[in-house]
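# Sequence first, predicted coordinates after that:
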Amino acid sequence: AERPAMAVILETSLGDIFLDLYVDKCPKACENFLKLCKIKYYNNNIIFNVQKDFLAQTGCPEGTGRAGDSIWGIMYGKQARFFDDEIHDNLKPKLGSVCMANTGKNLNGSQFFIALGNELTSIEGKYTVFGEVPEGEDGEEALKKINQAFCDDNNRPIQNIRIRHTVVIDDPFPDPKQLADYIPDRSPEAKPDKHDVDRIADYENALNRHEGKTEEQVDAELKKATAKSQAEVLTIIGDLPSAEVKPMETDLFVCKLNPVTTSEDLETIFSQFGEIKSCEVVKDWKTGDSLQYAFIEFEERDSCERAYFKMENALIDDRRIHVDFSQSVAKLWGAWRKGDRKGLQQGFAGNAQSQQYRKRDGRDRGDKNPKNKRFKGEDRDRGRDRGERDRARDKGRDRDRGRDRDRNRDRDRGRDGGRDRDRRRDRDRDRDKGRDRRREGSRERDRRRR
């Protein structure tokens, strides 16, 4: 049997794996593998399919098993994406064998697998065996760890196993001229990616993620993780435009107000700390009564902070108010729903200079002399208009109900008329049958008399 030559080291998250390649028996597969290692194609690839005592599959850049090109496909295009099998009777898969993972006969790309057992008769003669993990090397220990990995129902490891780096020790094949364009100056850096979202990352301690950390650090991490998961849920159900959205740093939330305190009163009081862009006491949309809390937006962040420190527990209209930084992203969400992505991006950075935030209820909050200034009576007019709209809507619903009753009544009448016709038809049929029987009886009597 041919003695393979040591050619590549795979540095994985579970240890180094040394690979010997059959460069004489399988030149195409070995050249493809070596050149892909040279251009760092396998760096950061995950081992996405682990079947205990059977195989561990990798080499897909997407981590799904449905992607990957040969080195010729990368250099020359999709028409050269695959290359032919190199199957030999004396090269059968065994524990530690390195095989190409094809999608059919002569359809080899970049994906490969390493055998994790010896009972592999089901794949003999189907896949190109182009290398092996030599016995007695450290790679055997890494293979044992991979074989013992916990996996889900799709054979995907619960904790990611990655190829962090590939080292080419010996390459007997000359490099094509085009290959130099694909060889990076340095190895790609390992960064968290989409595969670390729903899995335990390869660099994490799967048994104790908080090992070696202080209680404060663990508490901070747990709070951050909880907040992130809650934001993801709100994004899914549509309450947030994005999980990364942050509240405006120039907004204050004021509560425990006296019902008689108006927006103009608050704006006058808080304007001593800086320019105010908007100040609004939130009111009941039906009655127009104050809900006793308000939002104040400042022009600058420093002004907002000064107001926060100075006005907490201040006395306004015989009430001790509470002041805090606003956690609402309603304005950003409103901009998102209206299709204003630019304003939302500015909200991410805490910048409140976008013009769509300056207007509310037809008033430009950045204008010191607004032309469309609201008066106190406008709130009552607005409540009156809403009441009229509600009454008009109720009248429309009553008309719809009346039409539905008339339609149902007509349908019932038509159904009853059809039933009456059926009854008359049945009576006529019974009457005809009786007449026919009487005639038949008269004829029978006549025959007997004769």
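Cool, the structure landed. Residues are numbered from 1 along each chain as shown.

# Just to be sure, residue 19 is in a strand?
Yes: counting by DSSP: H, G, I helix; E, B strand; the rest coil, residue 19 is found in a strand.

# Which residue, neighbours along the chain excluded, lies closest to it?
residue 8 (4.5 Å; Cβ to Cβ, 6 or more residues apart in numbering). Glycine gets a C-beta too; all of them are placed from N, C-alpha and C.

# Kindly report the same for residue 290.
Nearest non-adjacent residue to residue 290 (Cβ to Cβ, 6+ apart): residue 259, at 4.7 Å.

# thought the one you found was touching residue 293?
No: Residue 259 lies out of contact with residue 293 (Cβ atoms under 8 Å); the separation is 11.0 Å.

# what's the pLDDT at residue 393?
Listed pLDDT for residue 393 reads 66.

# that older thread, direction included, what does the helix or strand containing the residue nearest to residue 19 pair against?
Following DSSP states H and E, one finds residue 8 within strand 5-12. Counting by DSSP bridges, the strands paired with strand 5-12 are strand 15-21 (antiparallel), strand 162-168 (antiparallel).

# so residue 290 touches residue 261, yeah?
Yes: between residue 290 and residue 261 there is a contact at 7.0 Å, judged by Cβ under 8 Å.

# Need the overlap of contacts for the two.
Residues touching both residue 290 and residue 261 (Cβ atoms under 8 Å, 6 or more residues apart in numbering): residue 281.

# Not counting sequence-adjacent ones, nearest residue to residue 320?
According to Cβ to Cβ, 6+ apart, the nearest residue to residue 320 is residue 313 (5.4 Å).

# ok, how many other residues are close to that neighbour?
Neighbours of residue 313 under the rule other Cβ atoms under 10 Å: 9.

# same deal with residue 269?
If we define neighbours as other Cβ under 10 Å, then residue 269 has 18 of them.

# how far away is it from residue 324?
17 Å (Cβ to Cβ, to the nearest Å).

# Equivalent analysis for residue 69, please.
From residue 69 to residue 324 the distance is 55 Å (Cβ to Cβ).

# Those two: which is more packed in?
For residue 69 versus residue 324, neighbours defined as other Cβ under 10 Å are more numerous around residue 69 (20 against 11).

# mind checking the SS state of that one?
Residue 69 is classified as coil under three-state DSSP.

# quick check, residue 297 in a strand?
Yes: under three-state DSSP, residue 297 falls within a strand.

# and it, what pLDDT?
92.

# can you map out the strands along the stretch 1-150 of the chain?
Along the stretch 1-150 of the chain, counting by DSSP state E, counting those that start in this stretch, strands occupy 5-12, 15-21, 45-46, 49-51, 55-58, 97-100, 112-115, 129-132.

# partners of the fourth one, with directions?
Looking back up the chat, that one is strand 49-51. Assessed with DSSP bridges, strand 49-51 is paired to strand 55-58 (antiparallel).

# list the contacts for residue 50?
Counted by Cβ under 8 Å, 6+ apart, residue 50 has contacts 56, 57, 116, 146, 147, 149, 151, 155, 156, 157, 161.

# what bridges to it?
With DSSP bridges as the rule, residue 50 is bridged to residue 56.

# ok so, going back, give me the pLDDT for the residue nearest to residue 320.
Residue 313 is given a pLDDT of 92.

# Got phi/psi on it?
As for residue 313, its main-chain torsions (degrees, to the nearest 10) stand at phi 70, psi 20.

# quick one: it from residue 263, how far?
Where residue 263 is concerned, residue 313 sits at a distance of 21 Å (Cβ to Cβ).

# can you check residue 294 too?
Applying Cβ to Cβ, the value for residue 294 to residue 263 is 7 Å.

# What segments of the stretch 201-350 of the chain are helices?
Counting by DSSP state H, counting those that start in this stretch, the stretch 201-350 of the chain has helices at residues 215-237, 263-270, 301-311, 330-337, 341-348.

# Those: lowest mean pLDDT?
Averaging pLDDT over each of the helices of the stretch 201-350 of the chain puts helix 341-348 lowest, since it has a mean of 42.

# Now for residue 166: which residues touch it?
Residue 166 neighbours (Cβ under 8 Å, 6+ apart): 8, 9, 10, 11, 37, 40, 42, 43.

# Can you tell me which of those is nearest residue 107?
residue 42 (19.2 Å; Cβ to Cβ).

# Count residues in the vicinity of the closest one, would you?
23.

# ok, now how distant is it from residue 124?
Residue 42 is 26 Å from residue 124, by Cβ to Cβ.

# same check, this time on residue 149
Separation of residue 149 from residue 124 (Cβ to Cβ): 25 Å.

# got it, and residue 159?
31 Å.

# what does residue 171 give?
Relative to residue 124, and taking Cβ to Cβ, residue 171 is found at 29 Å.

# Could I get the pLDDT score of the closest residue to residue 61 other than its chain neighbours?
Distance criterion Cβ to Cβ, 6+ apart; nearest residue to residue 61, sequence neighbours excluded, is residue 67 at 5.7 Å. Here the pLDDT value assigned to residue 67 is 90.

# Unless I'm misreading it, residue 67 sits right up against residue 60, doesn't it?
Yes: between residue 67 and residue 60 there is a contact under Cβ under 8 Å: 5.2 Å.

# who has more neighbours, the two?
residue 60 (22 against 13).

# And the helices in the stretch 1-150 of the chain?
So, for the stretch 1-150 of the chain - with DSSP H, counting those that start in this stretch - the helices run 27-38, 71-76, 139-147.

# With mean neighbour count and distance to residue 83 added, can I get these in a markdown table?
Below are the helices of the stretch 1-150 of the chain laid out as a markdown table (neighbours: other Cβ atoms under 10 Å; distance: least, Cβ to Cβ, whole Å):
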| stretch | mean neighbour count | distance to residue 83 |
| --- | --- | --- |
| helix 27-38 | 23 | 5 |
| helix 71-76 | 19 | 7 |
| helix 139-147 | 18 | 26 |
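
# Out of these, the one nearest residue 94 is which?
helix 139-147 (12.3 Å).

# Contact partners for the residue lying closest to residue 146 once chain neighbours are set aside?
Using Cβ to Cβ, 6+ apart and skipping the chain neighbours, the partner closest in space to residue 146 is residue 56 (5.0 Å). For residue 56, the contacting residues are 47, 49, 50, 113, 114, 116, 143, 146, 147, 161, by Cβ under 8 Å, 6+ apart.
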